[in-house]
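Engineer: take this sequence and fold it.
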Amino acid sequence: MMTKLENQFIPIQPGLEEYSAYYFEKKEVDILNHTVVLYYQLQLKNDSNKPVMIEPDGCIDIMFSCNDTKPQATVYGSFLEKRPFQLQSGQEYFGIRFIPNHDAKNFYFSMKEITSKDICLVDLLNLDPNIIELIIREKNFYERIKLYKELIGSKLLSDSSTQRVVRYAINRIYSTKGNININNLAEEIGYSPRYLHKQFDQHVGLSPKLFSRITRYQYSLFMLLNNHSLMDVIRQTGYYDQAHLINEWKKIGNITPKQLLKGI
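Structural biologist: Predicted coordinates:
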């Protein structure tokens, strides 16, 4: 079974950058745990009163609110549909986005329990609250990344034989841009669709079919925002036709491609 990471795509959240006074990010491949992690830092515009629209992405985000008087870190589980997300105007945030494929033995909640939820990081992990303050007090983006990896990342990421099954499946789903038959994927891995569904439920919190749909939506979103034509998106992501793409976008993103491009 393929275990190395062959695809380094990680879903995007264009709304975060749109409403930010500044935004920068750094993507890293975690070789040990065969996953991709995106680190980002932003400050919301001072006059931004609108909520940020967050896209379904099949990922987990940890976001540190870098407020010296009220430092906190919140875990956001995978959202299943587009939703408004209220951030504090003028506030700096440091975030980490990663694909959920984790052994929940260190967690107080399962991956399924945090889907579409937000909880305090210290309520998810047995973590000293002083660690959060330490990361927030560090102003340098790259030093924050270093502290996070040393103090928190090792508790989140681990490796096991069952996780390798899910990792392989996620890698294949990404490599096909979400256009893959789950029964065929299970057969390729050598397990039943029921077993694959159970492993996704435990380690990802989503079914493999839903994860694939969200992945295809994310790829098509990325392509459209990078000036690909609608027909090019349909060809590369495997939607049957334009009507199929629009229907899926309405279900997952509550928007049509035309509305996206018009900035609605």
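Engineer: strands of the stretch 1-150 of the chain, start to end?
Structural biologist: 20-30, 35-44, 52-54, 60-65, 72-76, 83-85, 92-98, 118-120 (DSSP state E, counting those that start in this stretch).
Engineer: what distance separates the last one from the centre of its chain?
Structural biologist: It stands for strand 118-120. Strand 118-120 sits 15 Å away from the centroid of its parent chain (Cα atoms, centre = their mean, to the nearest Å).
Engineer: could you list every helix and strand in contact with it?
Structural biologist: strand 72-76 (3 or more Cβ pairs under 8 Å, 6 or more residues apart in numbering; DSSP states H and E). No exception for glycine: its C-beta is placed from N, CA and C like everyone else's.
Engineer: report the mean per-residue pLDDT for the strand it packs on.
Structural biologist: Per-region confidence: strand 72-76 scores 92 on mean pLDDT.
Engineer: what does that strand rub up against?
Structural biologist: Strand 72-76 is contacted from outside by 54, 60-65, 114, 117-122, 124, 132, 135, using Cβ atoms under 8 Å, 6 or more residues apart in numbering.
Engineer: about what we covered before: of the strands of the stretch 1-150 of the chain, which is nearest residue 173?
Structural biologist: Checking the strands of the stretch 1-150 of the chain against residue 173 by Cβ to Cβ gives strand 35-44 as the closest, at 13.5 Å.
Engineer: ok so, going back, got TSV for the strands of the stretch 1-150 of the chain, with distance to residue 183 and mean neighbour count too?
Structural biologist: Below are these laid out as TSV (distance: least, Cβ to Cβ, whole Å; neighbours: other Cβ atoms under 10 Å):
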stretch	distance to residue 183	mean neighbour count
strand 20-30	30	14
strand 35-44	25	21
strand 52-54	31	19
strand 60-65	27	21
strand 72-76	31	20
strand 83-85	31	14
strand 92-98	28	21
strand 118-120	34	14
